[in-house]
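Q: below is the structure, and that's it, no one-letter string:
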């Protein structure tokens, strides 16, 4: 299967149809009040919401058996009356549906936005690198509370209301959340922004400027897709032509020792070759008890010798807020003095 140009979904404007299905973890009953709040918020903004059957249960870490989850996802992705698919959140086992998807059939469908982060990026990488569909690594649906004041979180749907050829600009956050409230305990929880944001550049500088086509997601799952048909970085490099590639990722659960082994393994596979730069989100596991290596030292040992900028502690991942990153879009990023400006062009 070959492709040459990124295919952008239609702008996600009020009146668009959003399908909600959990192809990884479902929503247990204790979190149903939060789910009702965010679904009502989508409708209040003028979106038509279709709720899938794979959503309101979570058994053995998934919403339903893989055959049912994959069939419902295929139904939504191939239905050209649907504009976007928004899972409630990520999970652990989206990988198990990959062999059950019909990529030939998907190639003939109109692309839809697949929106979210964490295990959602498992499917995003497959759709972008195998089919050339633009996908959106950004806030998860369950974070979109109507009273959320944080700008990056509040603005995700506005970012996706852009047509092919248009651009939008985002600024780095002022602060981020280290520990948040449980949606089961408080259905109206919003982000608790207690820690000052400071983007960093590996090496003896705090300034970097990089550009290229974006691709990336959650490292915990992407490292297992490397060298499989579901992460075709070679195809993505070919389609990027002279623009080059910016790889981004974030660590959700790996302690520093596992994180270092993972990065070295990817390095030995050649995944970091030919890039314009690497952007890394805030590390959700910066230290591990009984170990004298932390996440910063991990990056130094694994990536300091790369001939391109390595930017880290970015607004990506499991310590929110999250930028809206469009896989396939042309990105221009500038980091200076701990702050960042990101321009994305849907070209």
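A: Structure received. Since we're looking at a predicted model, the values are computed, not measured.

Q: please count neighbours and contacts with C-alpha atoms only from this point.
A: Noted.

Q: mind showing which ranges of the stretch 201-347 of the chain have poor pLDDT?
A: Along the stretch 201-347 of the chain, the model assigns pLDDT under 70 to residues 290.

Q: can you show me the helices along it?
A: For the stretch 201-347 of the chain, the helices defined by DSSP state H, counting those that start in this stretch cover 219-225, 233-240, 256-268, 295-303.

Q: what lies in contact with the helix or strand hosting residue 69?
A: Using DSSP states H and E, residue 69 maps to helix 66-78. Contacts with helix 66-78, where a contact means CA atoms under 8 Å, 6 or more residues apart in numbering, come from 19, 21-24, 52-54, 63, 82, 85, 96-98, 100-102, 105-106, 109-112.

Q: and the next element down the chain from that helix?
A: Following helix 66-78 in sequence, per DSSP H and E, is strand 84-85.

Q: which helices and strands sit right next to that next one?
A: Counting contacts by 3 or more CA pairs under 8 Å, 6 or more residues apart in numbering; DSSP states H and E, strand 84-85 packs against strand 17-20, strand 113-116.

Q: list the contacts of it.
A: 12, 17-21, 76-77, 112-115.

Q: could you rerun that using 6 Å?
A: Residues outside strand 84-85 that contact it (CA atoms under 6 Å, 6 or more residues apart in numbering): 18-20, 112-114.

Q: packing partners of the helix or strand that it is followed by?
A: Per DSSP H and E, strand 84-85 leads on to helix 103-107 as the next helix or strand towards the C-terminus. Helices and strands touching helix 103-107, by 3 or more CA pairs under 6 Å, 6 or more residues apart in numbering; DSSP states H and E: there are none.

Q: which parts of helix 103-107 are buried?
A: Within helix 103-107, the residues that count as buried by 16 or more other CA atoms under 10 Å are 103, 106-107.

Q: same question for stretch 37-52.
A: Result for stretch 37-52 [16+ other CA under 10 Å]: buried residues 37-39, 41-42, 47-49, 52.

Q: just so I know, which of the helices of the stretch 201-347 of the chain lies nearest residue 169?
A: helix 233-240 (20.8 Å; CA to CA).

Q: how is this structure divided into domains?
A: 17-164, 175-345 (automatic domain parsing).

Q: got the contact list for the residue sitting nearest the centre point of the chain?
A: The geometric centre of the chain, computed from its C-alpha atoms, lies nearest to residue 137 (CA atoms, centre = their mean), at 2.6 Å. Residue 137 sits next to 116-117, 325 when contact means CA under 6 Å, 6+ apart.

Q: make TSV from those and add distance to residue 125 and neighbour count to it.
A: TSV is the format used below for these (distance: CA to CA, whole Å; neighbours: other CA atoms under 10 Å):
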residue	distance to residue 125	neighbour count
116	12	30
117	11	28
325	13	30
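
Q: if we can go back for a sec, tell me which of the domains of the chain lies nearest to residue 8.
A: The nearest among the domains of the chain, by CA to CA, is domain 17-164 at 5.3 Å.
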